[in-house]
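J.: The amino acid sequence is not available; the structure is as follows:
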């Protein structure tokens, strides 16, 4: 069940994340600059600045990525083109989908489902799939990838019992990070649903 406490407007776009000084201890999964950069949220006419990522979120997200056998994406511009979607539903199995592009343009999908719950402990790997995407799938994904680069890094929703839809993109354009809370429509939702569809898994409920 999704309970939204407050929803505010979020200002800003999503330029490449640049290097910065992280807190004293982080997981290493996310670009250090995310811990310093902020976005302005408007809650009922009151502007509040929130960090894109904090240490609690870093610990939460990274333990699921680590349980899935994932590694940090490269933060360097010009690195291998990679797209990763981390879907953390409060009470249901976490799913991580990663797509990597070869120099030839071929795209390989690797997906991992965990046995735990996205809002709690990750559990163990319960299902995996790895396959080469078709040309049609790859072309669709490239369109969505370009669109995600224009999204703000975080939304301003505050909620209980929802899901985190986290997208990371690395490659020639640098490192991009987008984190949305239970999006019902929009670019993050469309990208996440496309990647989930490419796995061939029946993943319910969607929230």
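T.: Yep, it's here. Quick caveat: nothing in here was measured; it's all calculated off a predicted structure.
J.: Pull the number of nearby residues for residue 93.
T.: 19 (other C-beta atoms under 10 Å). In this view, the C-beta of every residue, glycine as well, is placed from N, C-alpha and C.
J.: so who does the residue nearest to it when sequence neighbours are not counted touch?
T.: Of all residues not flanking residue 93 in the chain, residue 113 sits nearest, at 5.3 Å (C-beta to C-beta, 6 or more residues apart in numbering). For residue 113, the contact set (C-beta atoms under 8 Å, 6 or more residues apart in numbering) comprises 93-95, 125-128, 201, 203.
J.: For the residue nearest the centre of the chain, give its distance to residue 44.
T.: Taking C-alpha atoms, centre = their mean as the criterion, residue 166 is the residue nearest the geometric centre of the chain, at 1.7 Å. Distance, residue 166 to residue 44, by C-beta to C-beta, to the nearest Å: 27 Å.
J.: any idea how far residue 89 lies from residue 194?
T.: Residue 89 is 18 Å from residue 194, by C-beta to C-beta.
J.: Comparing the two, which shows the higher neighbour count?
T.: Shown here are residue 89 and residue 194; by other C-beta under 10 Å, residue 89 has more neighbours (22 against 16).
J.: Enumerate every residue touching that one.
T.: By C-beta under 8 Å, 6+ apart, residue 89 lies in contact with 117-119, 162-163, 205, 207.
J.: Same check on residue 116?
T.: Here residue 116 is in contact with 64, 67, 93-94, 122-124 (criterion: C-beta under 8 Å, 6+ apart).
J.: Mind doing that once more with 7 Å?
T.: Applying C-beta atoms under 7 Å, 6 or more residues apart in numbering, we find residue 116 in contact with 94, 122-123.
J.: hmm, which of these are the buried ones?
T.: For the contacts of residue 116, a burial check counting by 16 or more other C-beta atoms under 10 Å picks out 94, 122.
J.: residue farthest from the centroid of the chain?
T.: Outermost residue of the chain (C-alpha atoms, centre = their mean): residue 45, 28.5 Å.
J.: Where does the prediction get shaky in the protein?
T.: 1-24 (pLDDT under 70).
J.: same thing but 80
T.: 1-24, 43-44, 77-78, 157-160 (pLDDT under 80).
J.: Now do the helices in it.
T.: Ranges of helices within the chain are 55-67, 135-148, 187-199, based on DSSP state H.
J.: Can you tell me which of the ones you listed is most buried?
T.: helix 187-199 (a mean of 19; mean count of other C-beta atoms under 10 Å).
J.: measure the residue nearest to residue 68 when sequence neighbours are not counted to residue 31 for me?
T.: Nearest non-adjacent residue to residue 68, counting by C-beta to C-beta, 6+ apart: residue 112, 4.1 Å away. According to C-beta to C-beta, residue 112 stands 22 Å off from residue 31.
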